[in-house]
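Chemist: Any chance you could fold what I've pasted below:
(one chain, ligands or ions: 1)
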Amino acid sequence: MADNIGNKPSKDYYLDVPVETEGFFLKGLNNNDFGIKNRLSRIFNPKSKNAVVLAFDHGYIMGSTAGLERMDVTIKPLVPYVDVLMGTRGAIRSSFSPAMDQAICLRATHDASVLYDDMSIGNGAGVEMEDAIRMNASAVAVQTFIGSPGETASLETLCRYVDAGDRYGMPVLGVVAVGKQMERNAKFFLLATRILAEHGAHFIKTYYCEDFEKVTAACPVPIIIAGGKKLPEAEALSMAYRAISQGAHGVDMGRNIFQSEDPVAMAQAVGKIVHEGYTDREAYEFFQDRKRSLK
Ligand code: 5RP
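Modeler: Numbers count the residues shown, from 1 in each chain. Sure thing, here's the model as predicted:
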């Protein structure tokens, strides 16, 4: 217990030093509570304001995908090269070590499997907020189906997660799914991202498209882009570069990293764009150099 022995005789109230009142480093999130901001600071690097998220949650609707048959073998070695792991509680609990620094963005909803013709029929709350907290998640991800039969159910699910997230200090990632009849263009993504933000999602995941700068400008909270199907490495890096240059705050990539001919080099190359301002060309050169040196 503190006692008076050895105390300095005079106190200093630093009357000439103004108290820091600067806002939070991510747009649109300054009025959230401490816990939300603290967790978001684990997802997004406060220096670059951006995030590299590795998505390997595919199994929750499609079983094992190429590259995810053994997550302990293929995904675990990539962990040191990304900021955030986006996976299910089953995958993370079974195949990863709790002794890691990376943040967790927990896939929280249950959605229709690939066996359904239309996977956008709707969804529901899969993981309770209590379990997300138990897993020390830094965010929960909620799938939504704007413009599809499941729109209402998925927005209801999103709202319940936002209510619980605000109650417990857990950020909610609203994920824009692309239904069968939805075109991947700025018109749709402008609509969908804005709807999710207005329903309270703290950050949004959507696909890259033409006129992407309009999508990021009209969304009041940060956007990260989804990777999508596997592209040649140079094209995937170019997409990441264009997205970051046009206002995205990060990249949430799965197949373009873990199905790469060199997943470690690819994860690092994406990080160069997201955090270090590399152009796509510089990042591709880096990828090729790393690939050679890792052999
Ligand atoms: C689907 C998702 C998944 O996380 C994502 O599709 C997986 O990543 P990738 O498409 O880059 O392989 O959010 O909506």
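Chemist: and the chain, which residues reach the ligand?
Modeler: 55, 57-58, 86, 175, 177, 205, 226-228, 253-256 (Cβ under 6 Å from any ligand atom). All C-beta atoms are positioned from the backbone trio N, CA, C, and that covers glycine.
Chemist: Run through the protein and note the low-pLDDT ranges.
Modeler: 1-2, 181, 294-295 (pLDDT under 70).
Chemist: which residue ranges form the strands in it?
Modeler: Using DSSP state E, the strands assigned to the chain run over residues 51-55, 84-87, 103-107, 109-111, 123-125, 139-144, 172-176, 203-206, 223-226, 250-253.
Chemist: quick revisit: output the residues of the chain next to the ligand as CSV; include the columns neighbour count and distance to Glu130.
Modeler: Shown next, in CSV, are these (neighbours: other Cβ atoms under 10 Å; distance: Cβ to Cβ, whole Å):
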residue, neighbour count, distance to Glu130
Ala55, 25, 24
Asp57, 23, 20
His58, 21, 25
Met86, 27, 20
Val175, 28, 21
Ala177, 22, 26
Lys205, 28, 24
Ala226, 20, 28
Gly227, 24, 30
Gly228, 16, 33
Met253, 27, 30
Gly254, 24, 27
Arg255, 20, 32
Asn256, 26, 34
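Chemist: which of these sit farthest apart?
Modeler: The distance between the two most remote of those (Cβ to Cβ) is 18.1 Å, for Ala177 and Asn256.
Chemist: Check the burial of Ala103 by counting its neighbours.
Modeler: Counted by other Cβ atoms under 10 Å, the residues lying close to Ala103 total 22.
Chemist: Just to check, it is in contact with Val84?
Modeler: Yes: using Cβ atoms under 8 Å, Ala103 is in contact with Val84, at 4.7 Å.
Chemist: Could you tell me which residues touch both of those two?
Modeler: Taking Cβ atoms under 8 Å, 6 or more residues apart in numbering as the criterion, Ala103 and Val84 both touch 42-43, 138-139.
Chemist: I'd like the list of those residues that fall within helices, please.
Modeler: 42-43 (DSSP state H).
Chemist: Out of the shared contacts of Ala103 and Val84, flag the one nearest to the ligand.
Modeler: The shortest approach to the ligand among the shared contacts of Ala103 and Val84 belongs to Ala139, at 12.6 Å (Cβ to the nearest ligand atom).
Chemist: what sits against the closest one?
Modeler: 39-40, 43, 84, 103-106, 170-173, 202-203.
Chemist: Now rank these by neighbours and give me the top one.
Modeler: Result: Cys105 is most packed of the contacts of Ala139 (other Cβ under 10 Å), 32 neighbours.
Chemist: List the contacts of whichever residue of the stretch 101-250 of the chain sits closest to the ligand.
Modeler: Closest contact between the stretch 101-250 of the chain and the ligand, by Cβ to the nearest ligand atom, is at Gly227 (2.6 Å). For Gly227, the contact set (Cβ under 8 Å, 6+ apart) comprises 55, 236, 251-257.
Chemist: What is the nearest of the residues you listed to the ligand?
Modeler: For these, the nearest to the ligand is Gly254 (2.8 Å; Cβ to the nearest ligand atom).
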